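Asker: Fold the following for me, if possible:
(chains A and B)
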Amino acid sequence: MIKFFSQPWPWYISGPAIAGIMGILIFSGKTFGFSANLSNICSMIGLGKRVTYFNFDWKRQQWNLWFLTGSVIGGYIAVHFFSSPDPLTLSTATVADLQKLNIPFDGKLEPSAVFNWDYLFTGKGMFLFLGGGFLIGFGTRYAGGCTSGHAITGLSNLQLPSLFAVIGFFVGGLFTTYLLFPIIFK
Amino acid sequence: MKAIKYILTGILFGIIMTKSEAVSWYRIQEMFRFQSIFMYGMIGTAVITGSILVALIKKYRLKDFRGRTIQFDSKDRHWKKYAIGGSIFGMGWALTGACPGPVFVLLGQGYMVMIPVIGGALAGTFAYGLFRDRLPQ
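Answerer: Numbering: from 1, shown residues only, chains lettered A, B, ... in the order given. Predicted coordinates:
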């Protein structure tokens, strides 16, 4: 069992497993949508008094905050107990492209050249982590959902607006990858 | 006690996100560069499995664990906010290599640089709440 869990999972196992999470939440009477938690936290810390958008009963969304708490614990458990000893099998084309941007591929999940405190405290690091976070928060609330809410839940329910949102995800992602990354990392 | 159920589901989600490598900055770059089927296969099989599940629930009018008939919300039809908001999120997704779920999963994995990402995301959420009425919807 542990051995199975420790292998990297093929995408055709992971995809249905993600749909399974959506299924558990549906049968619990809830909707799978992670980014709603960003609003829930804003409401929880009392911002509803100042901004009407956060003026809702966050306690009704408490289940989602518990789900968030679990996801943090799950990340801890996964790396400490089910970690794969093998390096990530990234496409050689991606490895070569990132090399040109001075981001060496180290076989881990996240590039250690970028994911560290020293890099964070550079102007570029600030833009990447703080700016990137800001865009995630602003964008997901504007679009009313993120990958879980639109790409998984919305598309599974054949919602056309979710398709617009997912196309938007790619417009923004391609813009950043092909136009911003050469400026940021070179 | 209800909390336990959602914490356990969240733990499962965190493990799946990690083992699927969907939390990987490298995988997101590979996806946006169209250099592997990996992420497309994962999202594709998730949506195929999910849509079969949703169709079955609708067809057989299935009930949830508490015995209530499951209903699905329809999204409103203002395509502009989905396209614009989606594009803004997409930029953040490519920069950090993480969507909101993975941001918290990575924090659990010990990537403390996710703390400023969460701070930024809350600031972005607050800014949206503040300027919402002045944005095209």
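Asker: which phi and psi does the residue lying farthest from the centre of chain A have?
Answerer: Largest separation from the mean C-alpha position in chain A: A:K49, at 28.8 Å (Cα atoms, centre = their mean). A:K49 adopts backbone torsions of phi -70, psi -30, taken as degrees, to the nearest 10.
Asker: On the pLDDT front, check the closest residue to it other than its chain neighbours for me.
Answerer: Excluding its sequence neighbours, the residue lying closest to A:K49 (Cβ to Cβ, 6 or more residues apart in numbering or on different chains) is A:N55, at 7.5 Å. Quick note: C-beta positions are derived from backbone N, CA and C, even for glycine. Per-residue pLDDT puts A:N55 at 96.
Asker: what's the neighbour count on A:N55?
Answerer: When counting by other Cβ atoms under 10 Å in any protein chain shown, one arrives at 13 neighbours for A:N55.
Asker: longest helix of chain B?
Answerer: helix B:38-59 (DSSP state H).
Asker: list the helices and strands the helix or strand just after that helix packs on?
Answerer: As assigned by DSSP states H and E, the chain's next helix or strand after helix B:38-59 is helix B:79-96. Helices and strands touching helix B:79-96, by 3 or more Cβ pairs under 8 Å, 6 or more residues apart in numbering or on different chains; DSSP states H and E, are helix A:132-143, helix A:160-175, helix B:25-32, helix B:114-131.
Asker: looking at these, which is closest to B:L62?
Answerer: For the helices and strands packed on helix B:79-96, proximity to B:L62 was assessed by Cβ to Cβ; helix A:160-175 is nearest, at 21.7 Å.
Asker: contacts for the helix or strand following that closest one?
Answerer: Using DSSP H and E, the helix or strand that follows helix A:160-175 towards the C-terminus is helix A:181-185. Residues from elsewhere that reach helix A:181-185 (Cβ atoms under 8 Å, 6 or more residues apart in numbering or on different chains): A:101-103, A:124, A:127-128, B:94.
Asker: Going by neighbour count, which of those comes out on top?
Answerer: Busiest of these [other Cβ under 10 Å] is A:L128, holding 28 neighbours.
Asker: Quick check: nearest residue in space to the residue nearest the centre of chain A, chain neighbours excluded?
Answerer: With distances taken as Cα atoms, centre = their mean, A:T147 lies nearest the centre of chain A, 7.4 Å away. Setting aside the residues directly before and after it, A:T147 is nearest to B:C99 in space (Cβ to Cβ, 6+ apart), at 4.3 Å.
Asker: Repeat that for A:F170.
Answerer: B:G90 (6.2 Å).
Asker: what's the weakest-modelled helix or strand in chain A?
Answerer: helix A:2-6 (a mean of 73; mean pLDDT, DSSP states H and E).
Asker: packing partners for the next helix or strand after it?
Answerer: Per DSSP H and E, the first helix or strand lying C-terminal to helix A:2-6 is helix A:11-27. Packing partners of helix A:11-27 (3+ Cβ pairs under 8 Å, 6+ apart): helix B:2-19, helix B:38-59.
Asker: what pLDDT, on average, does stretch B:59-66 get?
Answerer: 95.
Asker: That stretch: how far from the chain's middle?
Answerer: 24 Å (Cα atoms, centre = their mean, to the nearest Å).
Asker: Report the contact partners of B:Q35.
Answerer: For B:Q35, the contacting residues are A:91, A:93-94, A:97, by Cβ under 8 Å, 6+ apart.
Asker: Let's see that with 6 Å instead.
Answerer: A:91, A:93-94 (Cβ atoms under 6 Å, 6 or more residues apart in numbering or on different chains).
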